[in-house]
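Participant: quick one, what's the 3D model for this:
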Amino acid sequence: MLEPKRLHSSPRPSSHVLTQPRSLIDSRTQFHMLNHLRSNYMENETSFVASLLVAGLRFPIASTVLGAGWIVSRILYAVGYTNPNKENGKGRLIGLPFWLFQLGLYGLVGYSGVKMLQ
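Facilitator: The predicted structure is shown next:
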């Protein structure tokens, strides 16, 4: 993976792209920001969908509410992360409650598992 990047003189992506002032962010940096956002989403989506399915078998209403909250929070996270008016990606903080919804689903899955063993 790194060898083709060296051959084409493509620089390694900076893990600190948000430390630059927004006025200096070019299209390559914008691409890396969007790619980071997509990667973060994909990491969380798998466990979210699985827990939503399992928790929904026993708690359909609660799972629906938690799932809808997770989706809205992820949209706010994405919009805030790419907001050019917020420095250092601070706009993403508005969407951080998605963790609460995700942890709520994990709790329902754990509770369901314990009840199945009894």
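Participant: low-confidence stretches in the protein?
Facilitator: Residue ranges of the chain with pLDDT under 70: 1-26, 88-89.
Participant: how about the strands in it?
Facilitator: For the chain, no strands are identified by DSSP state E.
Participant: can you give me the helices for it?
Facilitator: 2-7, 27-58, 60-81, 98-117 (DSSP state H).
Participant: center of this protein, which residue is that?
Facilitator: By C-alpha atoms, centre = their mean, the chain has its centre lying nearest to residue 41, at 3.5 Å.
Participant: is it true that that residue touches residue 74?
Facilitator: Yes - applying C-beta atoms under 8 Å as the test, residue 41 and residue 74 come out as touching, 6.5 Å apart. (Glycine included, C-beta is placed from N, CA and C.)
Participant: got the helices of the chain as JSON lines, with distance to residue 92 columns?
Facilitator: Formatted as JSON lines, the helices of the chain follow (distance: least, C-beta to C-beta, whole Å):
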{"stretch": "helix 2-7", "distance to residue 92": "27"}
{"stretch": "helix 27-58", "distance to residue 92": "8"}
{"stretch": "helix 60-81", "distance to residue 92": "4"}
{"stretch": "helix 98-117", "distance to residue 92": "10"}
